[in-house]
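Q: sequence first, then the predicted structure:
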Amino acid sequence: DQPRVFLCTGATKDMGKMLGGEEEKDPDAQKKEEERQEALRQQEEERKAKHARMEAEREKVRQQIRDKYGLKKKEEKEAEEKAALEQPCEGSLTRPKKAIPAGCGDEEEEEEESILDTVLKYLPGPLQDMFKK
C-alpha cells in the first residue's frame, strides 16, 4: 500500500497567510477601494433620483384622483381641522351659558299629562275609574 497524496493547488496562496506569513500587498488596493466607494455613491444617487421621479409621478396621479373626487390632501385637512378648533363654533362646549329657552323644562310633563288625559277620555267608564285611582 502506498500513501495517497492529495494536492491542493488553489489553496497555496492563502496557506501562507493562515500559517502566519505576511499578506501580499496589492499596490493598487487603495485605488481599487476608492473606485469601489465612488461606484457605490454613484449607484446610491441614481437610486435616489429614480425614487424621486417615481414619487413625483405617483403624486401627480394622486392629485388627479383628488381633483376628480373633490378630496383634500392630508395636510390640508389637518390645517382646516386646526383652524376649526381655534374658531369658536355654535355647538361648542365652551360657549357662555344662556337662559333656558321657552318650551323647555316643566312644560313637557304637563304635555304628557294632557296626552294621558286625552287617552283616558276614549276608554270605557270602568277603565277610566281604574286609572284615575
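A: Yes, it's here. Residues are numbered from 1 along each chain as shown.
Q: and the contacts of the helix or strand harbouring Glu78?
A: Per DSSP states H and E: Glu78 is located in helix 74-86. For helix 74-86, the external contacting residues (Cβ atoms under 8 Å, 6 or more residues apart in numbering) are Lys72. All C-beta spots, glycine's among them, are computed from the backbone N, C-alpha and C.
Q: secondary structure class of Lys72, three-state.
A: At Lys72, secondary structure determined by DSSP: H, G, I helix; E, B strand; the rest coil is coil.
Q: quick one: residues contacting it.
A: 66, 80.
Q: let's see it at 10 Å
A: Shown in contact with Lys72 (Cβ atoms under 10 Å, 6 or more residues apart in numbering): 66, 78-80.
Q: then Lys60?
A: Contacts of Lys60 (Cβ under 10 Å, 6+ apart): none.
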